[in-house]
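Participant: what's the 3D shape of this:
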Amino acid sequence: MKQLRFGLFENAQTNDSGTATWRHPDNQRHLFDTLAYWKNIAEICENAGLDFIFLADAWGWADVNGERPDICTVEGLDLPRLDPAIVAAALISSTENLGLVLTGSTLLEQPYSFARRIASLDHLSKGRIGWNVVTTGTAETASAAFGVPMVAHDERYNMADDFMELVYKLWEGAWEPDALELDKQGRYADPEKVHRIEHEGPYFRSNGYGNTSYSPQGTPVLFQAGSSERGREFGGRHGECIFLGGAPVDKLAGQVQAIRAEAVAAGRAADSIKLMAAFSCVVAPTHEEAEQKYQEVLDAQTPEVAVASYAWFTGLDLSSYDPSTPMTDLHTELSQTQVARFAGLTVGDVLKDWHAHGVRSKPVIGTPEEIADAICELAEGADLDGFLFTPVIQPGSTIDFIEQVMPILRERGVAGTGYDAPTLRQRLVGTETPVLRDDHPGAGFRAQQAALTL
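Facilitator: Prediction:
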């Protein structure tokens, strides 16, 4: 069995994954707006040898019939939050090896400024930055906040393709990796290796020079999580690490095969994409203790949150439908993933499930050995490359997983014992060098090729 990679799923807000568990006495995420909280989480992860922290984000908020329900404010469901890029920047100096993956929207960001921000972080971290590419699932409320038109689901992916082409030109083509000479008796940089870029796309335009020199990785490690047909196509073309939601092994296996097929269709090798599934657990010395521990988490949140939370992700007010309505009758231009995952269930089923788990699937509940068995069965059965651990509460769930489950995985040889490469891409993707593989579409925009076309 292959050695797996592990990251921690986090949010710079009080609650996580569409649940509202902040009242649980052991949950410290309500301190998310303090640097001490993030330094503690990063230290826990780096000491354990986890590969990265994945900072999820959203610009929008829950909206039911045009209003944000009071329950959202009462329970701190969706607001306030922090900018994940700022959190990542704050953690660079207190970490040495831990990867820092931040979410950025191709609908709401401007490519030129975003490219500079990411390159700056990659420089300062010496190649430890990843980008979770999103088209913004909560697009309706976010669009209103930014004062920009709402864009339909599939067209947002068309925008994202155009966005990617422009940032590839900036990251790969504007400055050659060895353009800087830093010779005080000679030149700071070689003008022959600094190139003007031009982009006239259907959505974005840019003409000029990149603001930053070539960073350690060039392009950050590219994460993506869309599971719609258009999302899988986008991920197969651009993604390097694809984040899958929690699901039974047969469903995960089908998703893995479909995404690898998309990669091949895009001219890439099937193994050029690493597939990582969400994984959540509640662990205790006995199964009974673990069940009781999980029940205490469920008791910490109120059922009223479920309707608002689901609307936040999908724009759908489930309270307006008869509980017996099949989920297949519903449609949204927002996060189609959170509708498709409930195919075969009714609205009533989903409200009950969403109250308990939100975006994530039900945690695996059991002893350390049972949790380790579940991880190995999922990884082997679905051909996964790793897991994105999604804590039920923080930092308790993460500490439990690290202290009780990871040692067993290491004994079995499926988890590493430390950091085996200097950059995030080399660790996760397995490249010999820090930059994109040659079969990735972004590699076609490297300076040598770009210089020939300008």
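
Participant: so residue 55 lies in a strand, does it not?
Facilitator: Yes: judged by DSSP: H, G, I helix; E, B strand; the rest coil, residue 55 forms part of a strand.

Participant: now do the same contact list for residue 365.
Facilitator: 281, 282, 287, 290, 291, 294 (Cβ atoms under 8 Å, 6 or more residues apart in numbering). All C-beta spots, glycine's among them, are computed from the backbone N, C-alpha and C.

Participant: how about CSV for those, with secondary structure added?
Facilitator: Formatted as CSV, the contacts of residue 365 follow (three-state DSSP):
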residue, secondary structure
281, strand
282, strand
287, helix
290, helix
291, helix
294, helix
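
Participant: within the helices and strands, which one has residue 427?
Facilitator: helix 424-428 (DSSP states H and E).

Participant: for residue 37, same thing?
Facilitator: Counting by DSSP H and E, residue 37 is found in helix 35-48.

Participant: what is the mean pLDDT for that helix?
Facilitator: If you average the pLDDT over helix 35-48, you get 98.

Participant: buried stuff in that helix?
Facilitator: Using 16 or more other Cβ atoms under 10 Å as the burial criterion, the residues of helix 35-48 that qualify are 37, 38, 40, 41, 42, 44, 45, 46, 48.

Participant: distance check, the closest residue to the third one other than its chain neighbours against residue 43.
Facilitator: I take that to be residue 40. Setting aside the residues directly before and after it, residue 40 is nearest to residue 395 in space (Cβ to Cβ, 6 or more residues apart in numbering), at 6.6 Å. Relative to residue 43, residue 395 is positioned 10 Å away (Cβ to Cβ, to the nearest Å).

Participant: so what's the residue nearest to residue 40 bridging to?
Facilitator: Beta bridges link residue 395 to residue 27, judged by DSSP bridges.

Participant: that older thread, among the contacts of residue 365, the buried ones, what's the PyMOL command?
Facilitator: In PyMOL syntax, the buried subset of those is picked out as below (16+ other Cβ under 10 Å):
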select buried, resi 281+282+290+294
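
Participant: and the contacts of residue 365 as a markdown table, adding pLDDT and distance to residue 341?
Facilitator: Compiled in a markdown table, the contacts of residue 365 are given as follows (pLDDT from 0 to 100; distance: Cβ to Cβ, whole Å):
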| residue | pLDDT | distance to residue 341 |
| --- | --- | --- |
| 281 | 96 | 19 |
| 282 | 97 | 21 |
| 287 | 96 | 27 |
| 290 | 97 | 25 |
| 291 | 97 | 24 |
| 294 | 94 | 21 |
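
Participant: need the contacts of residue 365 in TSV with distance to residue 257, can you?
Facilitator: Shown next, in TSV, are the contacts of residue 365 (distance: Cβ to Cβ, whole Å):
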residue	distance to residue 257
281	25
282	30
287	33
290	32
291	34
294	32
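
Participant: which one of the contacts of residue 365 is nearest residue 422?
Facilitator: residue 281 (30.4 Å; Cβ to Cβ).

Participant: quick one: the helices in the stretch 1-150 of the chain?
Facilitator: 35-48, 70-75, 84-92, 111-125, 139-146 (DSSP state H, counting those that start in this stretch).

Participant: for residue 173, which of these is the nearest?
Facilitator: Nearest of these (Cβ to Cβ): helix 111-125, 11.1 Å.

Participant: that closest one packs against which elements?
Facilitator: Secondary-structure packing of helix 111-125 (3 or more Cβ pairs under 8 Å, 6 or more residues apart in numbering; DSSP states H and E): helix 84-92, strand 99-105, strand 129-134, helix 153-168.

Participant: if we go to 7 Å?
Facilitator: Using 3 or more Cβ pairs under 7 Å, 6 or more residues apart in numbering; DSSP states H and E as the contact test, the elements touching helix 111-125 are helix 84-92, strand 129-134, helix 153-168.

Participant: what's the most buried one of those?
Facilitator: Of all these, strand 129-134 has the most neighbours on average by mean count of other Cβ atoms under 10 Å, namely a mean of 26.

Participant: mind giving me the packing neighbours of it?
Facilitator: The contact analysis (3+ Cβ pairs under 7 Å, 6+ apart) places strand 129-134 against strand 99-105, helix 111-125, strand 221-224.
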